[in-house]
Structure formats: C-alpha cells, structure tokens
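> The following comprises the amino acid sequence and a computationally predicted model.
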Amino acid sequence: MIAIISENLAPIMFASLIVVLLLGYPVAFALAFVGFAFGFIGIELGLLPINLFGAIPDRIFGQMSNETLLAIPFFTFMGLILEKSGMAEDLLDTIGQLFGPVRGGLAFAVIFVGAILAATTGVVAASVISMGLISLPIMLRYGYDRRVAAGTIAASGTLAQIVPPSLVLIILADQLGRSVGDMYKGALFPALILVGIYTLYIIVVSILSPQKLPALPKEARTLHGWKLLQKVITSLVPPLVLIFLVLGTIFLGIATPTEGGAMGATGALILAAFNRKLNVSLLRQSLHATARLSAFVMFILLGARVFSLAFYGVNGHVWVEHLMTSVPGGVIGFLILANLLVFFLAFFLDYFELAFIIIPLLAPVADSLGVDLIWFGVMLAINMQTSFMHPPFGFSLYFLRSVAPVRAYRDRVTGATIQPVTSMQIYMGAIPFLIIQLAMVAVVVAFPQLVMHYKAGERTFDPATIQLNVPMPGAGGENPFDTPAAPFGAPPAPSFGAPPAPESSAPAFPPPPAFGAKPADAPN
C-alpha cells in the first residue's frame, strides 16, 4: 500500500487539492495546507529531503520582491477611482444617446462601454455592477428582451479579462515567465475581435428579432447637436486619452507595465479632480478595495508557492508532462486537452485559482513542445472568461443577479410596472456569449498570427542556417594563424630534415659579461 502511495503521490496530491477546494476552504489556505501535508508525507516516506521547507522563506521573499506584480495595485486603484467617480455612468449615458436611434443601440453602448471600462478598470465586478445598475433599468424601461439584455451586460463585463491592462494577463505573464508588455500586445487583436463578434451578434438579433432590441423613442433622446458633441468631448475623450497614454507607452517600450500602472493611477486622480469627484471618502474606499484585492492575490500566490514546492518535490511536474505529452495529436492534441481542462475546471475554480494552480503545470509542457507561451497565455485567458459565464461559479452572472430587480416595480419615468429579471433569464442570456467565447478560443488556435504579431520587428534566425567557416592551416599557401613564440629558454623545434635556415646578416649580440672572470686578452 505504501509503495502504491509513493508511486502515485503526485496525482493523489492534485486530487486532494480539488477536494479541499470543493469543500469551500479559502484557496490560499487550501493550497498551503495541501502543500505542507503532502510535504510531510513525502518526508516520512523518504521521497523528499528533511530540509524541504527550508526553501520556503527564499521563495516567499523572491515573490514579494517581484516588481511585475506591483502593476496589480496600480491598475486596480486606477479602475476603482474611475468607476467610483461616475465615469461609467457618463459613458453609458453618452454612448446610449449616440446609438439611441439605432435598433439595439443600448446594447451597442453596453458593449463599447464594457470595452472602455475593461481598458481602464480591469475589474469584472466593477464593470458588471456599474452597467447593471445604470443600463439594465433603461433597457427594461424601453422593452428590451431580458435574456439579451442580461447576457450583453454579463459578457461585456468579462472583457476586463482579456482587454489590456487586464489583471489576469499580468498574472499569466508572471506565471509563464514572459513580459507583461508582450502579453498585452498579443492580447490586443483577439480582444478587439471579440468585441466585434459581440457587436455582430447584437446586429443579427436586431435584424432577426427587432422587437427584442427596439430603438430609443424620441423623448428619451435628450441630447442633440452641440450638446451631444460637448457631452462626447467631456465624457468619452478623457478616458480614451488615458487608455492611449497608459497602453501606448507600454506598447512603445517607453514605460514598463508597473510604470504605466502608476501613470494610469495618477491620471485617474487627475480626471476625478477635474470632474470635481475627488474627495477623502472616494480615496478611502478605493484604497481599501485595492488593498483587499492585492492582499487576496498575494496570499493565493504565497499558498501556491508552498503547494508547488511540495508538488515539484514529488515529481508532479514530470507526471503532468508525461500525461500531457502522451495525448495523440501532438501539439494540437495538447492544446485541445489543455483548453478542455481549463474550461471544465472553470466550473469550480475562478480565474486567479486557475492562473496560480493550472498554468504552472501546463507551461513547462507547452514550452517543451515548442508552443509560444504568449500565444498559449492569451488563448487560456480567453478560455478563462468562461469561468464568469456559467454556474456554479459564474461570478459575472452573480454580480448581475445582485443588482437586477427581483420583484416587480414601478418605473419612475414611464410609470409602467416592470417585471423582475429571473435567474434563469440571466443564465439563458449568457449561453450565446459563452459559445462566442469558446469560438474565439478556436479562432486563436487556428490563426496564431492574431497573437504572434507581438514579435513584429524582432530579429529572428533559423539555427539550421548558421555556418561556421574556419580556414584551415596552410589553406591558400599561407598560414592564417600567427605562430606562437616559443617560451623563453625552450629548445628550438626539430626541423625533421628541412634545410637549415640561412644565417642572418644581422649583428649578433655580445655574450653576457662573466662577472669576476678575467678577460681573454688580459696579461697573466
């Protein structure tokens, strides 16, 4: 029995972690507990050295000194300042007025505002809750289908996972050992394409079922002409300028992601002050939420370090590599299996847990198969969006459920009675967008150049084309090498029958003086 446990300690350890997580224990402590428990089991079985856990302080210090992770609190603080200062409300109102005359105009506004909020806040909860509170009542007021409205809001909020500067992309870059700037560049085109597919879906629904997505009536379109232009300039342009400054400096290599995050946080404070929304209460709430999220991430990361120390000690990485490389189909088979694994684990784990637990196990296998890790990371980031869109841990659906009406109410504008939004309507509305996200994963797998453009401008070479042409001694009648001088006092090299060298006509040096000896011509 002990022999069987010793040979299969790695899969037993991984299965135990899943069980402990399903029991509802906090992720950080579940990781640390399983790591310590199986580390001691491995020591008792003689599989691990007795001083195994002596490496934990160095691993923790190395993680705490990782400057890349400083970008997380900066971008989180930037997003919270913008969200709490009312930027989301202004954006939704402005874009809603722009697209008001079009069927599905409010849905278009939600998608575009979701993309802008994703590029500024990077937090799914902030995007979904803001749009749910602001746009959902307006959609219900003017007769939007509840399933389409709920699905659009929930899916647009998940864009914060893939649109730079996403916090998930920062974590993935750190776990994959790659540059955050390269990860941002690689994710840009897939994110824009995903926004385009969301928009295309709304266009198709508005054509096939126009009654589900009506246009705004004239009395609801209150801004026209110069007033609308002024609203666009004051509400839409400043966040777009901030996005360009933050992401543009990172893409151009002028600033690191950490420096870009610091600049974005400063810019958010300036915008809040410009809109006269900056006060002590706003700062206190934003700092408190930033500290909570940053501590949450760091505790999970430290727990993952303990788990990975013990897991690697029992050769868990070897077990995973053998398991994944034995899949038929080579690289394509591995990519399909990895995406299926992430998709099904997303039913039970959120995106941070997936990034800290699954990615460190899959990354070495992908690297050994020659898979570009930036491409691999962007692919899995899109896949991880699905963790927000299906139960039991569909956080985006739960965020929307928390702000959607649960009972009938009287609308304050029209006076009509608005029926509540049920949980089943939210779930059914999310299904088309869930299918779109999975289709986007397939598109990235089929067209890797959508991500690989981040290498544009880099000098690449094929090692097989390298030639080393070294001239041999005597080639061309000359010796290309300088003949080294013989050491001082060494005998001359043998000539092996070669004719003697001609005597030089140069004057010979006089012999050294014999100190204390008489000269030869001196009289006796």
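Alright, I've got the coordinates. Numbers count the residues shown, from 1 in each chain.
> Is A416 in contact with R410, as I believe?
Yes. Using Cβ atoms under 8 Å, A416 is in contact with R410, at 7.3 Å. (C-beta placed from N, C-alpha, C; glycine too.)
> What strand or helix carries the residue nearest the centre of the chain?
In the chain, the residue lying closest to the centroid (Cα atoms, centre = their mean) is L169, at 1.4 Å. L169 belongs to helix 167-176 when assigned by DSSP states H and E.
> Quick one: mean pLDDT over that helix.
What helix 167-176 shows for mean pLDDT is 86.
> Just give me how far it sits from the chain centre.
In terms of Cα atoms, centre = their mean, to the nearest Å, the centre of helix 167-176 is found 4 Å from the chain centre.
> tilt between the helix or strand just after it and helix 167-176?
Per DSSP H and E, the first helix or strand lying C-terminal to helix 167-176 is helix 180-208. On the basis of axes from the mean of the first three to the mean of the last three Cα atoms, to 10 degrees, helix 180-208 is oriented at 140 degrees to helix 167-176.
> now for helix 180-208, which elements pack on it?
Using 3 or more Cβ pairs under 8 Å, 6 or more residues apart in numbering; DSSP states H and E, the elements in contact with helix 180-208 are helix 105-120, helix 146-157, helix 167-176, helix 237-251, helix 257-274, helix 373-384, helix 423-446, helix 449-452.
> how many degrees apart are it and helix 373-384 in direction?
Using the same axes, to 10 degrees: helix 180-208 against helix 373-384 is 40 degrees.
> what residues are up against L282?
The contact partners of L282, by Cβ atoms under 8 Å, 6 or more residues apart in numbering, come to I81, K84, S85, A272.
> okay, it: pLDDT?
At L282, pLDDT is 87.
> closest to F399 out of the helices and strands packed on helix 180-208?
The closest of the helices and strands packed on helix 180-208 to F399 is helix 146-157. By Cβ to Cβ, the value is 7.1 Å.
> What count of nearby residues applies to F347?
13 (other Cβ atoms under 10 Å).
> Need the three-state assignment for it.
Going by DSSP: H, G, I helix; E, B strand; the rest coil, the secondary structure assigned to F347 is coil.
> Quick check: it touching G394?
No. Applying Cβ under 8 Å, one finds F347 not in contact with G394, separated by 9.0 Å.
> Run a quick neighbour tally on A272.
Based on other Cβ under 10 Å, the number of other residues close to A272 is 21.
> just to revisit the earlier point, pipe the helices and strands packed on helix 180-208 into a markdown table and attach distance to S6 per row.
Shown next, in a markdown table, are those (distance: least, Cβ to Cβ, whole Å):
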| stretch | distance to S6 |
| --- | --- |
| helix 105-120 | 48 |
| helix 146-157 | 47 |
| helix 167-176 | 29 |
| helix 237-251 | 48 |
| helix 257-274 | 43 |
| helix 373-384 | 32 |
| helix 423-446 | 38 |
| helix 449-452 | 41 |
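> And the helices in the stretch 1-150 of the chain, which stretches?
2-7, 9-22, 27-44, 56-64, 71-84, 87-98, 105-120, 124-141, 146-157 (DSSP state H, counting those that start in this stretch).
> Convert stretch 248-259 to PDB, retaining C-alpha atoms only.
The C-alpha coordinates for stretch 248-259 follow below in PDB (Å, rounded to 0.1, in the frame of the first residue of the first chain):
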ATOM      1  CA  GLY A 248       0.700  53.400 -25.800                       C
ATOM      2  CA  THR A 249       3.700  53.900 -23.500                       C
ATOM      3  CA  ILE A 250       3.800  50.200 -22.600                       C
ATOM      4  CA  PHE A 251       3.500  49.100 -26.300                       C
ATOM      5  CA  LEU A 252       6.100  51.500 -27.500                       C
ATOM      6  CA  GLY A 253       8.500  50.400 -24.700                       C
ATOM      7  CA  ILE A 254       8.600  53.900 -23.100                       C
ATOM      8  CA  ALA A 255       7.300  52.600 -19.800                       C
ATOM      9  CA  THR A 256       7.100  49.200 -18.100                       C
ATOM     10  CA  PRO A 257       3.700  47.900 -17.100                       C
ATOM     11  CA  THR A 258       4.400  48.900 -13.500                       C
ATOM     12  CA  GLU A 259       5.300  52.500 -14.500                       C
END
